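In: Compute the structure for the input listed below.
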Amino acid sequence: MKRLYYILALASFLMASVPLHAQEENNTQPERRTPRARTGSREAEKKESGLPELTVRAQDMNERMIQEIGNARWMRVIYREIDLQKEQNAPLYYPVKPLNGSMNLFSTIFQLMSENKLEAYRYEDGFEAFDEEHLINFKEDVLDRAYIYYEEIPERGGETASYIINESDIPSADVMAYYIKEAWYFDQNNSVFDVKTLAICPILTTSGDLGEQTTPLFWIPYENIRPYITNSLIMTSNVNNAKTFTIDDYFRRRMFDGEIIKTENLMNRTLRQLYPEPDSLKLAQQQIETQLSTFQESLYWQPDTIQAPDPKQAKKAVKSDRVSQTTSAKEPKQLKVSTPKAERSAAPIRSVRRR
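Out: Predicted coordinates:
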């Protein structure tokens, strides 16, 4: 009897445990769906970044703002280095970490590249090529090279793989300088003398046993990033804290302070190679700036700003000139020294007639 009781108790226990096991499997099943969890975090990341897809209107506006320099009769390509430690260039560096929806230039570039919205090209010393052969791989050339932690979302439904990077892992604080490539040109057909920003290159600064080392990361055509920075508001003054300018305004208005490091030349040499001495290098930089301003001033006719005088005032001026000339002619006679005369005697002198 006891054996039968134990058998019935064991059977009832097994029957009760089967639904519990099935319920546990049902509860753990959503957690195993990692793609869905990643998709949700991806959507949250898109909302936080504030970098939506480009609309047709934004693309059309970007095409309208493209400066065509193919018809330029005169052009000079100049490379500059923008040091973000200078106060005038600080708007491109701060905030170092995204704060209240505001991001600096490198954080914006990094987010766009992680979402496959922006393409970058390999940096080569003394040579830039914006073609498919020089495209960089964001995972291998940026993330793995800089040892940045990331979460990869594999390819799915024809979409390329994308990456989720924590904001604290973006090395925006280590990008302390930029290279900028610009073209000064004169279009004779339209009588326009202007400057066009061609590309920008962030420079990563790392510190190690050998000291600080600078590494140019990649080149980005400015026309590709312009649609995304036209709405990125920045503060450009310590006195006025209102964000009235965008990053695009900052480049178009040339509000930055950049030193010339190279001009396009036949020998493809930098100014430091041509002028190794600091004094001669500084003099060469000033000479290039003077040449640009002088060429611009020589293109257009300078109006005469001297106004014709009033006729009445002109007559008065002529009369005053004549008076001054006559007085100046008489002055030498007055300056003649008269010969001293003999002093007269006190006794009166009688005339001959009276005699």
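
In: quick one: the strands in the stretch 151-300 of the chain?
Out: If DSSP state E, counting those that start in this stretch is used as the criterion, the strands of the stretch 151-300 of the chain fall at 151-153, 162-164, 175-187, 192-208, 211-216, 218-221, 233-234, 245-246, 258-263.

In: May I see those arranged in CSV, with mean neighbour count and distance to K117 as well?
Out: (C-beta placed from N, C-alpha, C; glycine too.) Below are the strands of the stretch 151-300 of the chain laid out as CSV (neighbours: other CB atoms under 10 Å; distance: least, CB to CB, whole Å):
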stretch, mean neighbour count, distance to K117
strand 151-153, 14, 15
strand 162-164, 19, 10
strand 175-187, 20, 19
strand 192-208, 17, 16
strand 211-216, 11, 22
strand 218-221, 20, 12
strand 233-234, 18, 20
strand 245-246, 16, 18
strand 258-263, 18, 27
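
In: closest to E289 out of those strands?
Out: Nearest of the strands of the stretch 151-300 of the chain to E289, taken as CB to CB: strand 258-263 at 7.3 Å.

In: any idea how far D194 lies from M75?
Out: Distance of D194 to M75, given as CB to CB, to the nearest Å: 11 Å.

In: N137 now?
Out: Separation of N137 from M75 (CB to CB): 33 Å.

In: just to revisit the earlier point, in CSV, list the strands of the stretch 151-300 of the chain along with distance to I66 and mean pLDDT.
Out: Converted to CSV, the strands of the stretch 151-300 of the chain look like this (distance: least, CB to CB, whole Å; pLDDT from 0 to 100):
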stretch, distance to I66, mean pLDDT
strand 151-153, 33, 86
strand 162-164, 28, 84
strand 175-187, 13, 95
strand 192-208, 9, 92
strand 211-216, 25, 89
strand 218-221, 11, 96
strand 233-234, 23, 92
strand 245-246, 18, 94
strand 258-263, 22, 96
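
In: JSON lines for the ones you listed, including distance to T270?
Out: Converted to JSON lines, these look like this (distance: least, CB to CB, whole Å):
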{"stretch": "strand 151-153", "distance to T270": "39"}
{"stretch": "strand 162-164", "distance to T270": "35"}
{"stretch": "strand 175-187", "distance to T270": "11"}
{"stretch": "strand 192-208", "distance to T270": "14"}
{"stretch": "strand 211-216", "distance to T270": "13"}
{"stretch": "strand 218-221", "distance to T270": "16"}
{"stretch": "strand 233-234", "distance to T270": "30"}
{"stretch": "strand 245-246", "distance to T270": "31"}
{"stretch": "strand 258-263", "distance to T270": "4"}
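
In: so which of the ones you listed gets nearest S114?
Out: Closest among those, once you apply CB to CB, is strand 162-164, at 4.7 Å.

In: by contact count, what packs against the closest one?
Out: helix 34-49, helix 105-114, strand 151-153 (3 or more CB pairs under 8 Å, 6 or more residues apart in numbering; DSSP states H and E).

In: Compare the mean pLDDT across those and name the weakest.
Out: If these are sorted by mean pLDDT, helix 34-49 sits at the bottom with a mean of 41.

In: Now K97: closest residue in space that isn't a chain neighbour?
Out: Beyond its immediate neighbours in the sequence, the residue positioned closest to K97 (CB to CB, 6 or more residues apart in numbering) is E167, lying 6.2 Å away.

In: Common neighbours of D194 and M75, please.
Out: By CB atoms under 8 Å, 6 or more residues apart in numbering, D194 and M75 have these common neighbours: W184, Y185.

In: and A90, which of the strands of the stretch 151-300 of the chain is closest to it?
Out: Once these are compared by CB to CB, strand 233-234 is nearest, at 9.5 Å.
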